[in-house]
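Novice: Any chance you can model this:
(chains A and B)
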Amino acid sequence: MSRAGDEHGPLVDLGNERPQVPARARNMSPIVPRASISGRALVAVVAIMTFLASITTGTVFLVSASAAEWQSEVASEITVQVRPQTGRDLDRDVTAAAEAMRTQPGIVQVKPFSKDDSAKLLEPWLGSGLSIEQLPVPRVVVARVQPGTTLDLASLRRAVTQVAPSASVDDHRAWIERMRSMTGATVFAGIGILVLVIAATIISVSFATRGAMAANRPIVEVLHFVGAGDRYIANHFLRHFLRLGLEGGVIGGGAAMLGFGFSESIAGWFSGTPVGDQFAALLGTFSLPPSGYLALAVQAVAIAAITAWASRRTLFATLDDID
Amino acid sequence: MVRFENVGLRYGLGPEILRDLSFMIPAHSFQFLTGPSGAGKTSLLRLLFLSLRPTRGLVNIFSQDVSLLGKDQIADMRQKIGIVLQDFRLLDHMTTYENVALPFRVMGRDESSYRREVIDLLKWVGLGERMDALPPILSGGEKQRAAIARAVISRPQLLLADEPTGSVDPTLGRRLLRLFIELNRLGTAVIIATHDITLMDQYEARRMVLHQGRLHIYE
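Specialist: Purely as a prediction, here's the structure:
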C-alpha cells in the first residue's frame, strides 16, 4: 500500500515565508538519552565481575601449568632402590642394576648414587660426618626417560631384579595420580566460581536493564506511537548496554591482566619468606603464559556479550509489558 | 479503510465502555468524534490506533483483521496512522525539530531527505523560531502544535487527533483545522475527537457522537 500523499506536492505551502534550509545535516540527539541510563553502576558491576572471573581463570591457569610441569618432571624419572641384603655386595648390585637399566630402550641417562651422594641426601636428617657403612641404607639409581616414549616397566623390573633381587622400581605413579586429582579439583573449583560469577553478572545486568527501561518507559511508548518496532527500540538500547559491558569488561579484565603481569615481581618481593616459598612451590614462577592472557581477553569479551544478551532478553520482556 | 462490527470494550471486569459499535471510516473522509466526557472517545481512538484490543467484535483496519496481527505488523501499520494525544507525548531530550522528524527517523530515512519538509511544517504551525527548543521550555500550545506536526509529517493514511485544539487560541485553532483539512485533501482520512462546537461548526463534516457507550453517526 503506497503512502498517502506520495504523489502530491508539499503538505504546506509557505510561499515567500519559506525559510532558508541549512545545507549541513543537523546533529541529531540519540533516540535513548545517555544520561538517563544509570551506566556507571552497571560498568562497575561488570568490571568487578570480570575482574573476579579473570582472577579465577588466571589462578586455574597457573595451577594447571605448574602441575603439568611437575607431572612431566616426575613422569620422566624412574627411581630404582637397591636395599642391602645379607650375603650380597651392595656396590656390585647397584652397578649391575644401573647396567641393566642402560640396556632398556627409552632410557637416556642413568645415574647411580654413590655412598657419598647417599650420605649427602641424608645429611639434613642425620648430620654430617656420617659413616654410611654402619647403616642399612638403601642405594638409589635414578634414570631419565626419553620424553614421549612409553617405557616397558615390567621388562625393566624383571631385568633389574634378575641382577639385584633386593631392588625395587618406582615410576612415581602414585604421585602423578595425586597431582592429577589436585589439578582436577582446582580446575573444577575454578569453573564453579566462574559459573557463579557469570550467573551474578546476568542477574545484575537484568536488574540494571529493567531499571533503565522503567526510567525510559515514556520514550518507548512514544517510539511505539510513531511506528517503531520492538527490534528498532531494542537495538537502540542494546548498543548502549553493549558499550557499557565492553567498558566494564576492559576495565576488569585489564586490571586482572596487569595484576598477573606484576605478579612475578610481587612473588620476587616475598621470595625467601615461608609464604613466598610455599607459593613458589605450588605455582612455580607465578607468571601467566601467553595463552592465559588470551583466555582472559576472550573472557572479558564474553562477559560483555553476556551483558548484551541479558539486556536483550530483559528488553524484549519489558517491551511486551509496555505495549 | 476502517471497519468496526459489533465491537465492545471493557477494562478488566468493569462495565462495557463501548457497546456494539458498527461503523466504517472510508478513505479520504473527514469526521469529528464528539460526546460528553467519559463517553469513551479516547478509548475508541486507542482501538483505532491498535493500542487496545476489543473485548468482542471485529476490527478491520487497512483490510486486515487486527486480532490476527503480530507485533511487527502492528508497528508497520502504525507507521500509516498518525496520532495526537491530549498529553502530547513529546520526548524531552529532543528538540522540537527532532520530535517532529521522529517518524521519518524511525522509518530509517536520511536526515537530508526530510529536513526541508520538517522545517516548512514547523514554520506553518508557528514553531519556526522554536525548532531548537526542548519541550520542557515550550508552552502548552506550542507542545500541542509540535505533537500535531509530528502526527502529520509523514502524511499518514489515517490521522487520529484527541482534542487537538484544546490548548490553543481560536485563531491558531482555525489554522490547525486548515492543516487537517489540507492533509485530508491530500488523501488522509481524519478523525478529530473534540468537545469544541465552534471548531466543528467551522467545517462541514460527518459527526460521530458517542453517548453512553453507543455511537450515533450524523452524515
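Novice: Going by residue numbers, what spans are helices in chain B?
Specialist: All helices of chain B, identified by DSSP state H, fall at B:41-48, B:71-78, B:96-106, B:111-124, B:140-152, B:170-185, B:197-201.
Novice: So the helix or strand encompassing residue A:238, near chain B or not?
Specialist: Secondary structure from DSSP states H and E places residue A:238 in helix A:230-270. Yes. Contact of helix A:230-270 with chain B (C-beta under 8 Å from any C-beta of the partner chain) involves A:230, A:231, A:232. All C-beta atoms are positioned from the backbone trio N, CA, C, and that covers glycine.
Novice: excluding its backbone neighbours, what's nearest the second one?
Specialist: By that I understand residue A:231. Leaving aside its sequence neighbours, residue A:231 sits nearest to residue B:72 (C-beta to C-beta, 6 or more residues apart in numbering or on different chains; 7.6 Å).
Novice: show me what contacts the one you found?
Specialist: A:229, A:230, A:231 (C-beta atoms under 8 Å, 6 or more residues apart in numbering or on different chains).
Novice: Adding pLDDT, write these out as a markdown table.
Specialist: Formatted as a markdown table, these follow (pLDDT from 0 to 100):
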| residue | pLDDT |
| --- | --- |
| A:229 | 87 |
| A:230 | 86 |
| A:231 | 86 |
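Novice: of these, buried ones?
Specialist: Among these, those buried by neighbour count (16 or more other C-beta atoms under 10 Å in any protein chain shown) are A:229, A:230.
Novice: any idea which of the contacts of residue B:72 is closest to residue B:156?
Specialist: Ranked by distance to residue B:156 (C-beta to C-beta), those are led by residue A:229 at 16.7 Å.
Novice: Contact partners for that closest one?
Specialist: Listed by C-beta under 8 Å, 6+ apart, the contact partners of residue A:229 are B:71, B:72, B:75, B:76.
Novice: which of those lies closest to residue B:151?
Specialist: Nearest to residue B:151 among the contacts of residue A:229 is residue B:75, at 16.3 Å by C-beta to C-beta.
Novice: From residue B:159, how far out is the nearest residue to that closest one once chain neighbours are set aside?
Specialist: In space, and not counting its chain neighbours, residue B:75 is closest to residue A:229: 3.8 Å by C-beta to C-beta, 6+ apart. To residue B:159, residue A:229 is 21 Å away according to C-beta to C-beta, to the nearest Å.
Novice: just residue B:4 next, same as before
Specialist: From residue B:4 across to residue B:159, the span is 17 Å (C-beta to C-beta).
Novice: what's the nearest residue in space to residue B:29 that is not next to it in sequence in contact with, if anything?
Specialist: Once flanking residues are discounted, residue B:29 sits nearest to residue B:189: 5.0 Å by C-beta to C-beta, 6+ apart. Residue B:189 is in contact with B:1, B:2, B:25, B:26, B:27, B:28, B:29, B:30, B:157, B:158, B:159, counting by C-beta under 8 Å, 6+ apart.
Novice: what about residue 77, how many neighbours?
Specialist: Looking at chain A here, since you left the chain open. 14 (other C-beta atoms under 10 Å in any protein chain shown).
Novice: hmm, I had chain B in mind actually
Specialist: Per other C-beta under 10 Å, the neighbour tally for residue B:77 reads 20.
Novice: sorry, back to before: closest one to chain A out of the contacts of residue B:189, please.
Specialist: Checking the contacts of residue B:189 against chain A by C-beta to the nearest C-beta gives residue B:157 as the nearest, at 4.6 Å.
Novice: Wait, that closest one touches residue B:62, no?
Specialist: Yes. At 7.2 Å, residue B:157 counts as touching residue B:62 under the criterion of C-beta atoms under 8 Å.
Novice: Mind checking which of these two has more residues around it?
Specialist: residue B:157 (23 against 15).
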